[in-house]
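Chemist: coordinates for the following, if possible.
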Amino acid sequence: MPTNPFTDVWHFLTATTSDYLHQGNWRYLILALFWALLLASIVIAVRNWREDPAQRSSRHLGIWVARVLVGCLWFQGMLWKLPLPVSDGLQYWTEQESTSAAFEFHRTFMKDIVLPHMTIFGPIVFLAELVFAGSMILGLAVRLVGVLALAYTLQLWLGLYGNPSEWPWTYMCLALLMFLFALDGAGRSLGLDAWLRREVPVVRDGKRFIGWFFNIAG
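Modeler: Predicted structure coming up:
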C-alpha cells in the first residue's frame, strides 16, 4: 500500500509502524516514553521562551525544531534494535559491516569481536541510541552527547561504506548535523541545557563537579 510522510508520521505517533508492532504490547510503553520526551521538550521550550527574552528568536526556535526532529530520528532508529539482547535487524546490519567496512581492521573488528558478542553489544547500541534521542529531544548535555553521536555515526559511515544499498552521504549528513549541534551547544536553544544554566546556581556558576560537568556537556 502506498505511503506518504503524513501517514508515516501518524503511524509513528500511534505505534502502528512495523517496528512498533514487532514489539507486541511493549510498544505502548515505548510510545508512552516517546510522548513523555516530546511533551517535556515542549514544556521546557515554553518555559525558556517565557522566562528568557534572549531565547525569543527565530534562530533559537529553528534550532529547537531541528534538534527535536533529529531526536525523533534517533528514537525511530532505536526501535528496530529491539527486542533485546539482539534484534534480527541489528544482527543483519552488523554482519553487513563485517564485510562492507571501508578498512580491513574495521571488518576484522566487527567479525571477530562484535559479532561473537552481540548479546553484549546489542543492548549497548540500543541504550546509545536511546540516550542520543533523549538528549536531542530534551536539549540535555547536547554538546557531549553530540560528540558521542558524531563518533557513532562516523562508525556507521565507514562500516557500511562499501555496501551498495547504502549511500555514504546519508551518514555523513547526520554526522554533520551532530557536529553542528555539539559545536553550537544546541541544548542552549529552548532546551534543558539553557534552563539549567539560567536557573540552577551550581550550573550557572560552574561550581563543584555537577556544575563543571553540565557547563562542559551542555
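Chemist: leaving out sequence neighbours, find the closest residue to residue 204.
Modeler: Distance criterion CB to CB, 6 or more residues apart in numbering; nearest residue to residue 204, sequence neighbours excluded, is residue 197 at 5.6 Å. Heads up, the C-betas are built off the backbone N, CA and C, glycines and all.
Chemist: and the pLDDT for the one you found?
Modeler: With respect to pLDDT, residue 197 has a value of 93.
Chemist: likewise for residue 1?
Modeler: 60.
Chemist: again, but for residue 210
Modeler: 89.
Chemist: next up, identify which helix or strand the closest residue to it other than its chain neighbours is on.
Modeler: The shortest distance from residue 210 to any non-neighbouring residue, by CB to CB, 6+ apart, is to residue 202 (5.8 Å). In the assignment (DSSP states H and E), residue 202 maps to helix 201-204.
Chemist: burial measure for residue 44, as a count.
Modeler: Number of residues near residue 44 (other CB atoms under 10 Å) recorded here: 22.
Chemist: do the one 3 residues further on as well
Modeler: When neighbours are counted by other CB under 10 Å, residue 47 registers 17.
Chemist: what residues are up against it?
Modeler: residue 195 (CB atoms under 8 Å, 6 or more residues apart in numbering).
Chemist: that one and residue 53, how far apart?
Modeler: 13 Å (CB to CB, to the nearest Å).
Chemist: what's the overlap in contacts for these two?
Modeler: By CB under 8 Å, 6+ apart, residue 47 and residue 53 have no common neighbours.
Chemist: run through the residues that contact residue 23.
Modeler: 30, 79, 82, 83.
Chemist: by neighbours, which of those wins?
Modeler: Busiest of those [other CB under 10 Å] is residue 79, holding 22 neighbours.
Chemist: residues contacting that one?
Modeler: So residue 79 contacts 17, 19, 20, 23, 30 (CB under 8 Å, 6+ apart).
Chemist: apply 6 Å and report the result again.
Modeler: Residue 79 makes contact with residue 19 under the criterion CB atoms under 6 Å, 6 or more residues apart in numbering.
Chemist: could you give the mean pLDDT of the helix or strand hosting residue 143?
Modeler: For residue 143, the host element (DSSP H and E) is helix 142-159. The predicted model gives helix 142-159 an average pLDDT of 98.
Chemist: contacts for stretch 106-125 next, please.
Modeler: Applying CB under 6 Å, 6+ apart, the contact partners of stretch 106-125 are 81, 84, 85, 86, 90, 97, 98, 101.
Chemist: out of these, who's nearest residue 5?
Modeler: Closest to residue 5 out of these is residue 81 (23.3 Å), distances taken as CB to CB.
Chemist: what about the closest one, distance to residue 190?
Modeler: 29 Å.
Chemist: next: residue 18.
Modeler: Distance, residue 18 to residue 190, using CB to CB: 33 Å.
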